[in-house]
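Enquirer: here is my input, please return the structure:
(2 chains)
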Amino acid sequence: MTACARIPSFLVLLCALALSQSAHAAELRIAAAADLKFALDDLVAGFHAQHPEVEVVVSYGSSGNFFAQLQNQAPFDLYFSADIEYPRKLADSGIAWENEVFSYAVGRIVVWTPAASPIDVKRLGIQALLDPNVKKIAIANPRHAPYGVAAVAALQSLGIYDQVEPLLVFGENIAQTAQFVQSGAADVGILALSLAIAPQMHGAGQYWEIPLEAYPKMEQGGIILNKTKELKAARDFRDFVLGQHGRQVLKRYGFFLPDVGKK
Amino acid sequence: MDWQAIGLSLRLSACTMLILLVFGLPLAYWLAGTRWRGRFLLEAIIALPIVLPPTVLGFYVLMAIGPLSPLGQFYESLFGSRLPFTFQGLLIASVLYSLPFAVQPFTSAFATVDRRLVEASWCLGVSNLRTFFRITLPLAWPGVVTGMVLSFAHTLGEFGVVLMIGGNIPGVTRTVSISIYDEVQALNYEAANQTSLALLLFSFTVLLVTYGLQRKVIQVWPTR
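Expert: Take a look at the predicted model:
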């Protein structure tokens, strides 16, 4: 036997490996906005303890990106957006289960600087952005990321947008924006409070919360996709997030609750 | 249509191509002629960007040129400005990213030049440098052009690295691929379509002209 003869059997083995899938009980696939990263990981762990038969798989990304993917039948069971407008539009186009859009939290934004920064953001507040040490300011892309829209609105309403505009750099979503500041590549960033107080970021910098009045309310909402094959698990998870435990976790990670944040 | 982004991408591609020509030619010439035993090591390093995902390159380049790294601090003390989110920063990443696409064709072009012709030139008393420009380079020219076209095209199509380190600044780091991505994200499919179509036509024309001139001037695909 030559080496050539062994190649086909090797290929067969590779194909078999590629096609084999371990059998799961129920797999719940969630598309979630990047600002939920830490809070949702916590929630998933809590949910899994109560429902060990359900395997929850979360993809984090920008809400607008998921919106376009879901419009094109992306295989998700649940969608948590940072802007309730996206799920509303999906419900309008008829791909939400029962046309029901749920609101789960209200997002908050902060001015964040790394711990090593000479800028005292807690004392300066929004004026920190005008500090001469600031060469680059990272915000999420206002074209499609809800946190970027909120950041620009806040800069405008606080009257410093024109001054800081040449310094702005845009992260693809709020998590990349955080990475830009954390790596020192940008000096200051406008981030989600949920990221600023998450264990992975806490202690790495300090922040000042931008008053809620400075930007439009960032109502965050989601839907269950009507194509889901795991309807029961999806509903259980939604109820878990909206329930007592879920509300506590979201609050701990820096979200206002939908009814509390109302103005 | 985002003309600013198209212009920026063309500028970035042209600059990357020129830098790779200036630094890639001597490197390739040396690689093609050397009998150094560690040659394979350098070849492996140069070929890395072909294998590595742009995310790895982007992540490390941002770390390396950021103000927290020694390299970034050195640059800042030298020029008083920083590299991340600038055209220069993007250029550094692009040169690294497209390095194998220039150096590999250059090297194989130099390797195929008939050594006897070069030696004949030397025997006639022509200097090393003159021999290079009069004999070696003209004979290797098809491969050199291939390397230039490929590095230009590869930079034009660069997306992941720019997304990782660019910061999406109009006219500075918002290249055409990022601009298209943005329009798609913002659900402006019409605008995305226009710019995509322009890029498609442009790329096709460049390759068409390149391959059309193939037999006369340059060679990319093997001739039959």
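Enquirer: near chain B, which residues of the stretch 1-150 of chain A show up?
Expert: Residues of the stretch 1-150 of chain A found near chain B (Cβ under 8 Å from any Cβ of the partner chain) are A:62, A:64-65, A:67-68, A:116, A:135-136, A:138, A:141, A:143-144. For the C-beta atoms, the positions are set from N, CA and C on the backbone; glycine is no exception.
Enquirer: and A:L40, what does it touch?
Expert: By Cβ atoms under 8 Å, 6 or more residues apart in numbering or on different chains, A:L40 lies in contact with A:30, A:32, A:58, A:60, A:80.
Enquirer: I'd assumed the third one was in a strand, is it?
Expert: Yes. Secondary structure assignment (DSSP: H, G, I helix; E, B strand; the rest coil) places A:V58 inside a strand.
Enquirer: now A:L195, nearest residue through space, not along the chain?
Expert: Leaving aside its chain neighbours, A:L195 sits nearest to A:A178 (5.0 Å; criterion: Cβ to Cβ, 6 or more residues apart in numbering or on different chains).
Enquirer: now do B:F159
Expert: Nearest in space to B:F159, with sequence neighbours left out and distances taken as Cβ to Cβ, 6+ apart, is B:S177 at 4.2 Å.
Enquirer: please identify the helix or strand for the one you found.
Expert: helix B:176-185 (DSSP states H and E).
Enquirer: average pLDDT across that helix?
Expert: For helix B:176-185, mean pLDDT is 87.
Enquirer: give me the distance from it to the chain's centre.
Expert: In terms of Cα atoms, centre = their mean, to the nearest Å, the centre of helix B:176-185 is set 22 Å apart from its chain centre.
Enquirer: only C-alpha atoms, please: export that helix in CSV.
Expert: What follows is helix B:176-185 as a C-alpha-only set of coordinates in CSV (Å, rounded to 0.1, in the frame of the first residue of the first chain):
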residue,chain,number,x,y,z
VAL,B,176,-13.7,51.9,0.8
SER,B,177,-14.3,48.5,2.3
ILE,B,178,-15.1,50.1,5.7
SER,B,179,-17.4,52.6,4.0
ILE,B,180,-19.3,49.8,2.3
TYR,B,181,-19.6,47.9,5.6
ASP,B,182,-20.9,51.0,7.3
GLU,B,183,-23.6,51.6,4.7
VAL,B,184,-24.7,48.0,5.0
GLN,B,185,-24.8,48.3,8.8
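Enquirer: in terms of secondary structure, what does it contact?
Expert: helix A:63-71, helix B:3-33, helix B:160-165, helix B:189-212 (3 or more Cβ pairs under 8 Å, 6 or more residues apart in numbering or on different chains; DSSP states H and E).
Enquirer: on the C-terminal side of the second one, identify the next helix or strand.
Expert: Per DSSP H and E, the first helix or strand lying C-terminal to helix B:3-33 is helix B:39-51.
Enquirer: report the buried residues of that following helix.
Expert: By 16 or more other Cβ atoms under 10 Å in any protein chain shown, the buried positions in helix B:39-51 come out as B:46, B:49.
Enquirer: residues in contact with it?
Expert: With Cβ under 8 Å, 6+ apart as the criterion, helix B:39-51 contacts B:31, B:57, B:96-101, B:103-104.
Enquirer: quick check: of those residues, which lies closest to A:W97?
Expert: Distances from A:W97 to those, taken as Cβ to Cβ, are shortest for B:L57 (41.3 Å).
Enquirer: how about the nearest residue to that closest one, chain neighbours excluded?
Expert: B:V161 (5.5 Å).
Enquirer: per-domain residue ranges of chain A.
Expert: A:21-106+A:218-252, A:109-209 (automatic domain parsing).
Enquirer: and the shortest one, how far out from the chain's middle?
Expert: By that I understand domain A:109-209. From the chain centre to the centre of domain A:109-209 is a distance of 16 Å (Cα atoms, centre = their mean).
Enquirer: ok and the residue in chain B nearest chain A?
Expert: As assessed by Cβ to the nearest Cβ, chain A sits closest to B:G167 within chain B, at 3.1 Å.
Enquirer: show me where the stretch 151-263 of chain A has its strands.
Expert: For the stretch 151-263 of chain A, the strands defined by DSSP state E, counting those that start in this stretch occupy A:168-171, A:188-192, A:205-209, A:218-224.
Enquirer: so which of those strands gets nearest chain B?
Expert: Closest among the strands of the stretch 151-263 of chain A, using Cβ to the nearest Cβ: strand A:168-171, at 3.1 Å.
Enquirer: other SSEs contacting the closest one?
Expert: Strand A:168-171 is packed against strand A:137-140, helix A:174-182, with contacts defined by 3+ Cβ pairs under 8 Å, 6+ apart.
Enquirer: can you point out the buried residues in that strand?
Expert: A:168-171.
Enquirer: stretch B:13-27 now?
Expert: Neighbour-count burial for stretch B:13-27, with 16+ other Cβ under 10 Å as criterion, is recorded at B:13, B:15-17, B:19-20, B:24-25, B:27.
Enquirer: out of these, which two sit at the greatest distance?
Expert: Counting by Cβ to Cβ, the most remote pair of the buried residues of stretch B:13-27 is B:S13 and B:L27, 19.9 Å apart.
Enquirer: name the residues that touch stretch B:133-152?
Expert: Counting by Cβ under 8 Å, 6+ apart, residues outside stretch B:133-152 touching it are B:13-14, B:16-17, B:20-21, B:24-25, B:28-29, B:98, B:101-106, B:108-110, B:112-114, B:117-118, B:121, B:126, B:206-207, B:210, B:217-220.
Enquirer: that stretch: how far from the chain's middle?
Expert: Going by Cα atoms, centre = their mean, the spacing between the C-alpha centre of stretch B:133-152 and its chain's C-alpha centre is 14 Å.
Enquirer: next: stretch A:45-55.
Expert: Worked out by Cα atoms, centre = their mean, stretch A:45-55 lies 21 Å from the chain centre.
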